[in-house]
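Engineer: My questions concern the predicted model and sequence given below.
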Amino acid sequence: MGRHVPHEHLVAGLASALRAGALTADAVALEARKAAEADEVAAPVPAEPDRTNVTSLTEPRLAQLPPDTRPLPSAAAYDQLLRARQPADRPAIQGEMP
């Protein structure tokens, strides 16, 4: 249980179970969960941060770069390799389709 429950909730669960006289792991787990739920209810919900003033650090860097004039990559050379045919005078291998 100590691996899955935060330390402060576990200590609160142990103290509550001890006060109640319930000396079982189930009682400690129940009280620890109660302590965790009480903390969740009491914890204030953080306000959504204001994202209107977020400045991009990438845009100024990209603006300083020269334009990319390289041609787009082409697979034409590989397509030519795929279209290459076997010579007609090559003897057929047994089981090979013509």
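Structural biologist: Yep, it's here.
Engineer: can we go C-alpha only for contacts and neighbour counts from here?
Structural biologist: Noted.
Engineer: What segments of the protein are helices?
Structural biologist: Secondary structure of the chain (DSSP state H): helices located at 7-20, 25-42, 58-64, 76-83.
Engineer: got those helices as a markdown table, with mean pLDDT and distance to residue 52 columns?
Structural biologist: Formatted as a markdown table, these follow (pLDDT from 0 to 100; distance: least, CA to CA, whole Å):
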| stretch | mean pLDDT | distance to residue 52 |
| --- | --- | --- |
| helix 7-20 | 89 | 38 |
| helix 25-42 | 85 | 29 |
| helix 58-64 | 90 | 16 |
| helix 76-83 | 82 | 47 |
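Engineer: mind giving me TSV with those and columns for distance to residue 48 and mean neighbour count?
Structural biologist: As requested, those are arranged in TSV below (distance: least, CA to CA, whole Å; neighbours: other CA atoms under 10 Å):
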stretch	distance to residue 48	mean neighbour count
helix 7-20	27	17
helix 25-42	18	16
helix 58-64	24	9
helix 76-83	52	9
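Engineer: Redo these as CSV? Include distance to residue 70.
Structural biologist: Converted to CSV, those look like this (distance: least, CA to CA, whole Å):
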stretch, distance to residue 70
helix 7-20, 59
helix 25-42, 56
helix 58-64, 17
helix 76-83, 17
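Engineer: how close does the nearest residue to residue 32 once chain neighbours are set aside sit to residue 3?
Structural biologist: Residue nearest to residue 32 in three dimensions, not counting chain neighbours: residue 13, with 3.9 Å by CA to CA, 6 or more residues apart in numbering. Distance, residue 13 to residue 3, by CA to CA, to the nearest Å: 14 Å.
Engineer: swap in residue 61?
Structural biologist: Applying CA to CA, the value for residue 61 to residue 3 is 45 Å.
Engineer: swap in residue 11?
Structural biologist: Counting by CA to CA, the gap from residue 11 to residue 3 is 13 Å.
Engineer: need the contact list for the closest residue to residue 23 other than its chain neighbours.
Structural biologist: Leaving out its chain neighbours, the residue that sits closest to residue 23 by CA to CA, 6+ apart is residue 17, at 6.4 Å. Residue 17 makes contacts with 23, 27-28, 31, as judged by CA atoms under 8 Å, 6 or more residues apart in numbering.
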